[in-house]
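Trainee: Sequence and predicted model, in that order:
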Amino acid sequence: QGSTVADLADLLGINPNDIIKRLFLLGTPLTMTESMSDELIELVADDLGRDVKVMTKEEENSFTFYDDPKDLKPRPPVVTVMGHVDHGKTSLLDAIRHTGVAEGEAGGITQAIGASQVKINDRIITFIDTPGHETFTAMRARGAKVTDIVILIVAADDGVMPQTIESINHAKAAEVPIIVAVNKIDKPGADPTRVRQELTEYGIIPEEWGGQNMFVDISAKKHMGIDTLLESVLLEADVLELKANPDTFASGNVLEAKLDRGRGSVATLLVNRGTLHVGDAIVAGLSFGKIRAMIDPRGNNVTEAGPSYPVEVLGLQSVPMAGDEFRVFQDERDARSLADERALKARIEEQNKVKHVTLENLFTTMEDAEVKELNLIIKADVQGSIEALQDSLDKMDQSEVRINTIHSAVGAITETDVILADASNAIIIGFGVRPESKAKAAAEHAGVEIRTYSVIYKCIEDIDAARIGMLKPTE
Ligand code: GDP
């Protein structure tokens, strides 16, 4: 239907004649009651020095909200801990949960919901308790940005290991700053300097060496350095100037959700914006509900939760998925109809699955892309192959399409590689290695391309051909 000249004048609080004049000058004379196209509205508003963005129904339903800068208030940082298995993620989260808690109380702390919060120097930090880069990246693949800062934990007696590197690449792909916790410094044989040295190879350089990353030596087991680590998180948060508008309808992401026998659908939500209240009508992914109760990370019932606060909510009529967005509606009917609409759309989308970039569709995909980039994940049987391939890629003409290797490692193609590729719209190149069966299934499901080669020149030839849209279809 569109807005009329009179509507726009009303919206901008100006005389409609001013708009009619502008329209005339733009070569599109219209009268008061004629409707204007969205582009025209934006153009005229711009001409009048006003910023108007016409939202489509789609955009209204998506989660890009606008806040006046004066409504923004500081919010706590949200942190995820990542690192190699056994380097101490669980121990660190446990140590953090016990920070600032009196001895006697400590025994009573259970992990109530999928997130926790600590208070240090009178400021709050939110931790997501599902450590690991798989969860982190799976969330990102679903469009959820739920982490402001990553703590990369590296055991000082073990140093940089494969999952350390994976974690770095996952955090980098998400453009989230990394603070390094060098753990287990209580152990004989711990060598924190070696960890620093090793990490420089991956672009993680300590501030004391002129780099960008804060490093803190800790012992999760002996509770050493935990406060310093938390203070570093606050310092990083200050740099990021994290803010949100607390005084509006809440929106955010689902961290995890399950069906509980007694309580029904139980979802842990992280609020990004606004404040969530008991009684709110909400849509999370495809499910709708009215919030019946909310539980904070300490297991207490609460009636509201602001930006960066995690809460477990009861009252959804079905179980949403981790990473789903949620949003509160003023009108319960609107919420219900959006959930219905989404469920229908999801069914249609399931039928025409979104396709990721492949070498074959690269050229046509790039033609209408703003940034022309090809993201690659390279897995190979030996380090030498990765280097040789990287070398050839570096020499390739990248004036048309920039080629980024977002992750490379020796070993078979795993499900984690596919998750990263899915989130980063990347192609996986296997060199002398094959995908694990789980990875293969995941790639098929997500529409991620995996190409395997045994000779380098063939791979280079394909990428080169794909770059200019000349790749011949195989079989
Ligand atoms: P995750 O796999 O990364 O979650 O690692 P865990 O937290 O489960 O820790 C793996 C092992 O390392 C456990 O046996 C812990 O007790 C031990 N550990 C963790 N942190 C420390 C530490 O600071 N010092 C020592 N000596 N051992 C630790």
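Mentor: Perfect, thanks for sending it. Numbers count the residues shown, from 1 in each chain.

Trainee: quick one: which helix or strand includes G384?
Mentor: According to DSSP states H and E, G384 maps onto helix 383-395.

Trainee: Can you list the neighbours in contact with that helix?
Mentor: 376, 378, 380, 403, 405, 408-410, 429, 431-432, 456-457, 459-460, 463 (CB atoms under 8 Å, 6 or more residues apart in numbering). Using the backbone N, CA and C atoms, a C-beta is placed for each residue, glycine as well.

Trainee: If we go by neighbour counts, what in the helix or strand harbouring L269 is buried?
Mentor: For L269, the enclosing helix or strand under DSSP H and E is strand 264-273. For strand 264-273, burial by neighbour count (16 or more other CB atoms under 10 Å) applies to 265-273.

Trainee: Closest to the ligand out of the residues you listed?
Mentor: Of all the buried residues of strand 264-273, the ligand sits closest to T268, with 19.5 Å by CB to the nearest ligand atom.

Trainee: just checking, that closest one touches K258?
Mentor: No. Applying CB atoms under 8 Å as the test, T268 and K258 come out as separate, 9.2 Å apart.

Trainee: Identify, from the buried residues of strand 264-273, the entry nearest to I14.
Mentor: I14 lies nearest to R273 out of the buried residues of strand 264-273, by CB to CB, at 30.3 Å.

Trainee: R142 - nearest residue in space that isn't next to it in sequence?
Mentor: G323 (3.2 Å; CB to CB, 6 or more residues apart in numbering).

Trainee: in the stretch 1-150 of the chain, which segments are predicted with low confidence?
Mentor: For the stretch 1-150 of the chain, the stretches with pLDDT under 70 are 1-2, 51-65, 100-112, 131-132, 143.

Trainee: list the buried ones in the next helix or strand after the helix holding G384?
Mentor: Once helix 383-395 ends, the next helix or strand along the chain (criterion: DSSP H and E) is strand 402-410. Under the neighbour-count criterion of 16+ other CB under 10 Å, strand 402-410 has 403, 405-410 buried.

Trainee: Among the residues you listed, which one lies nearest to L286?
Mentor: Taking CB to CB as the measure, I406 is the one of the buried residues of strand 402-410 closest to L286, at 30.5 Å.

Trainee: what's near enough to touch the closest one?
Mentor: So I406 contacts 169, 172-173, 375-377, 420, 424, 426 (CB under 8 Å, 6+ apart).

Trainee: quick revisit: and the residue nearest to R142, how far is that from the ligand?
Mentor: 22 Å (CB to the nearest ligand atom, to the nearest Å).

Trainee: what helix or strand does that residue sit in?
Mentor: Using DSSP H and E, G323 falls within no helix or strand.

Trainee: Begin at 323 from now on, thanks
Mentor: Sure, I'll start numbering at 323, so the last one becomes G645.

Trainee: Do you know the pLDDT at it?
Mentor: You'll see G645 listed with a pLDDT of 85.

Trainee: tell me the contacts of it?
Mentor: Residues near G645 by CB under 8 Å, 6+ apart: 460-466, 575-576.

Trainee: how does it look with 10 Å?
Mentor: By CB atoms under 10 Å, 6 or more residues apart in numbering, G645 lies in contact with 457, 460-466, 468, 575-578, 607.

Trainee: For ChimeraX, what selects the buried ones among these?
Mentor: To isolate the buried members of the contacts of G645 in ChimeraX, using 16+ other CB under 10 Å:
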select :457,460,461,462,463,464,466,468,575,576,577,578,607
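
Trainee: and the contacts of G645, which of them are in helices?
Mentor: 457, 460-463 (DSSP state H).

Trainee: ok, the residues you listed vs the ligand, which is closest?
Mentor: Nearest to the ligand out of the ones in helices among the contacts of G645 is T457 (CB to the nearest ligand atom; 12.9 Å).

Trainee: Pull the number of nearby residues for the residue lying closest to I782 once chain neighbours are set aside.
Mentor: Of all residues not flanking I782 in the chain, S714 sits nearest, at 4.8 Å (CB to CB, 6+ apart). Neighbourhood size, S714 [other CB atoms under 10 Å]: 15.

Trainee: what residues are shared contacts of T590 and K580?
Mentor: Residues touching both T590 and K580 (CB under 10 Å, 6+ apart) are 436, 644.

Trainee: circling back: just after the strand holding L591, pick out the following helix or strand.
Mentor: Per DSSP H and E, the helix or strand that comes after strand 586-595 is strand 598-599.

Trainee: by contact count, what packs against that following strand?
Mentor: Packing partners of strand 598-599 (3 or more CB pairs under 10 Å, 6 or more residues apart in numbering; DSSP states H and E): strand 609-617, strand 626-627, strand 647-651.

Trainee: and those as TSV, adding mean neighbour count and distance to the ligand?
Mentor: Shown next, in TSV, are the helices and strands packed on strand 598-599 (neighbours: other CB atoms under 10 Å; distance: least, CB to the nearest ligand atom, whole Å):
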stretch	mean neighbour count	distance to the ligand
strand 609-617	20	25
strand 626-627	20	27
strand 647-651	21	28
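
Trainee: By mean pLDDT, show me the worst of these.
Mentor: Comparing mean pLDDT across the helices and strands packed on strand 598-599, the weakest is strand 647-651, with a mean of 90.

Trainee: Give me the sheet partners of that one and which way each runs.
Mentor: Here strand 647-651 has these sheet partners by DSSP bridges: strand 573-582 (antiparallel), strand 603-606 (antiparallel).

Trainee: Check which residues of the last one are buried.
Mentor: By neighbour count with 16+ other CB under 10 Å, strand 603-606 contains the buried residues 603-606.

Trainee: returning to that earlier point: between strand 724-732 and the helix holding G706, find me the angle.
Mentor: 180 degrees (axes from the mean of the first three to the mean of the last three CA atoms, to 10 degrees).

Trainee: So for helix 705-717, mean pLDDT?
Mentor: 89.

Trainee: Stretch 531-541 now?
Mentor: 96.

Trainee: what comes up buried for that stretch?
Mentor: 535-541.

Trainee: From the ligand, how far out is V400?
Mentor: Counting by CB to the nearest ligand atom, the separation of V400 from the ligand is 19 Å.

Trainee: Repeat that for I735.
Mentor: Applying CB to the nearest ligand atom, the value for I735 to the ligand is 23 Å.

Trainee: List the ones among the buried residues of stretch 531-541 that fall in strands.
Mentor: Among these, the residues falling in strands (DSSP state E) are 537-539.

Trainee: between those, which is nearest the ligand?
Mentor: Nearest to the ligand among those: D539, at 10.1 Å, using CB to the nearest ligand atom.

Trainee: related to what we said a few turns ago, ok now the strand holding L591, how far from the chain's centre?
Mentor: With CA atoms, centre = their mean, to the nearest Å as the basis, strand 586-595 stands 16 Å off its chain's centre.

Trainee: Just checking: what are the partner strands of it?
Mentor: The strands that strand 586-595 pairs with in its sheet are strand 573-582 (antiparallel), strand 632-638 (antiparallel) (by DSSP bridges).

Trainee: Please render those strands as JSON lines that adds distance to L362 to the earlier fields.
Mentor: What follows is the strands paired with strand 586-595, written out as JSON lines (distance: least, CB to CB, whole Å):
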{"stretch": "strand 573-582", "distance to L362": "30"}
{"stretch": "strand 632-638", "distance to L362": "41"}
